[in-house]
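Chemist: can you look at this prediction? I've put the sequence above it.
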Amino acid sequence: MADNLLAIEDLHVEVEGKEIIRGLNLSLDKGEIHAIMGPNGSGKSTLAYVLTGRPGYEVTAGKVFYKGEDVLDLAPDERAKRGIFLAFQYPTEVPGVSVVNFMRTAYNAIHSDAQKSAMAFRMYLQEKIDLLEIPSELVDRYVNQGFSGGEKKRNEVLQMAVLEPELAIMDETDSGLDIDALRHVSEGVNKLAGPDVGIMLITHYQRLLNYIRPDKVHVLMQGQIVTSGGFELAERLEAEGYAQVGEEFGLSQEALAELKQKEKE
């Protein structure tokens, strides 16, 4: 437990009285990239929200250890201060607040012992902009207002670069992106990956993993990780579909029928 950056033990989670996660176990270390794959409704985004402390998700059993500390009782801002970051599937617009001011506020809130003046932060931000090859004018616009899908996701990656988390959770980063935007966003994530950060990629499809190669792939179905493996597992899911894999690992007939119907749609 203490040796892992993240260790999830027998996690059970309910949303509005319905159990979504049903005994999930997972560990992730610094320097590793793990992909969580699964169909709609399997609990992928619920897992992301529970790890970052979003209200409305009731943990009924289990523990989540981050750097050896059980963080389930910590508020979202306390988890962020400890180095947990979430890139949202659908980033929110914040009218009237520029990206640069938003990021400086977030940075100073998390790094309360090393706050930066407006000028010092602008220089720091420019270093990250140059690293990620993001247009400088993006940070003078209001947060996500009028942004394309690709700009929103690149802005999320820029936030990751600025905040320098130790655990980065990327929820459906490929959602809504065309090929060029997916390549730009993936290049940014790859530049930020390294021995000091653990990355959890949540996705439906293999295509993101063609650009960001994971060390491990986990298949999440019906609130449980049914199997784990390497990149070849993602390739198998792409070729065979979730229903085929789910049948092999003992999903109920009702769940399998639902998966097969979704794959036809």
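Modeler: Cool, got the structure.

Chemist: hmm, residue 133 and residue 154 touching each other?
Modeler: No - if you go by CB atoms under 8 Å, residue 154 and residue 133 don't touch, sitting 9.4 Å apart. From N, CA and C alone the C-beta is placed, and that goes for glycine too.

Chemist: intersection of neighbour lists for those two?
Modeler: Both residue 154 and residue 133 are in contact with residue 184, where contact means CB atoms under 8 Å, 6 or more residues apart in numbering.

Chemist: and stretch 31-41, how far out from the chain's middle?
Modeler: Distance of stretch 31-41 from the chain centroid (CA atoms, centre = their mean, to the nearest Å) equals 9 Å.

Chemist: can you show me the strands along this structure?
Modeler: Counting by DSSP state E, the segments of the chain that form strands are 6-15, 18-28, 33-37, 58-66, 69-70, 84-87, 94-98, 142-143, 167-171, 198-203, 216-221, 224-229.

Chemist: can you put the ones you listed in JSON lines and add mean neighbour count and distance to residue 121?
Modeler: Below are the strands of the chain laid out as JSON lines (neighbours: other CB atoms under 10 Å; distance: least, CB to CB, whole Å):
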{"stretch": "strand 6-15", "mean neighbour count": "19", "distance to residue 121": "29"}
{"stretch": "strand 18-28", "mean neighbour count": "18", "distance to residue 121": "30"}
{"stretch": "strand 33-37", "mean neighbour count": "24", "distance to residue 121": "29"}
{"stretch": "strand 58-66", "mean neighbour count": "16", "distance to residue 121": "27"}
{"stretch": "strand 69-70", "mean neighbour count": "12", "distance to residue 121": "29"}
{"stretch": "strand 84-87", "mean neighbour count": "24", "distance to residue 121": "18"}
{"stretch": "strand 94-98", "mean neighbour count": "12", "distance to residue 121": "12"}
{"stretch": "strand 142-143", "mean neighbour count": "19", "distance to residue 121": "16"}
{"stretch": "strand 167-171", "mean neighbour count": "24", "distance to residue 121": "21"}
{"stretch": "strand 198-203", "mean neighbour count": "25", "distance to residue 121": "25"}
{"stretch": "strand 216-221", "mean neighbour count": "22", "distance to residue 121": "36"}
{"stretch": "strand 224-229", "mean neighbour count": "16", "distance to residue 121": "40"}
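
Chemist: out of the ones you listed, nearest to residue 107?
Modeler: Nearest of these to residue 107, taken as CB to CB: strand 84-87 at 12.0 Å.

Chemist: direction included, what does that closest one pair up with?
Modeler: strand 167-171 (parallel) (DSSP bridges).

Chemist: the strand it pairs with - what's its average pLDDT?
Modeler: The average pLDDT for strand 167-171 rounds to 96.

Chemist: repeat for stretch 40-58
Modeler: 93.

Chemist: starting at the chain centroid, how far to it?
Modeler: With CA atoms, centre = their mean as the basis, stretch 40-58 stands 11 Å off its chain's centre.

Chemist: quick revisit: for residue 76, which of the strands of the chain is the nearest?
Modeler: Closest to residue 76 of the strands of the chain is strand 84-87 (CB to CB; 8.8 Å).

Chemist: export the closest one as PDB, just CAs?
Modeler: C-alpha atoms of strand 84-87 as PDB (Å, rounded to 0.1, in the frame of the first residue of the first chain):
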ATOM      1  CA  ILE A  84      -4.300  14.900  -7.500                       C
ATOM      2  CA  PHE A  85      -5.500  16.400 -10.800                       C
ATOM      3  CA  LEU A  86      -8.500  15.800 -13.000                       C
ATOM      4  CA  ALA A  87      -8.800  16.700 -16.700                       C
END
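
Chemist: residue 154 and residue 133: which has the busier surroundings?
Modeler: Using other CB atoms under 10 Å as the criterion, residue 154 and residue 133 rank with residue 154 on top: 23 against 11.

Chemist: what's near enough to touch that one?
Modeler: Neighbour list for residue 154: 132, 134, 138, 181, 184-185, 188 [criterion: CB under 8 Å, 6+ apart].

Chemist: what does residue 62 give?
Modeler: Residue 62 is in contact with 8-12, 23-24, counting by CB under 8 Å, 6+ apart.

Chemist: my guess is residue 136 contacts residue 127, does it?
Modeler: No - at 11.7 Å, residue 136 and residue 127 do not qualify as touching, with contact defined as CB under 8 Å.
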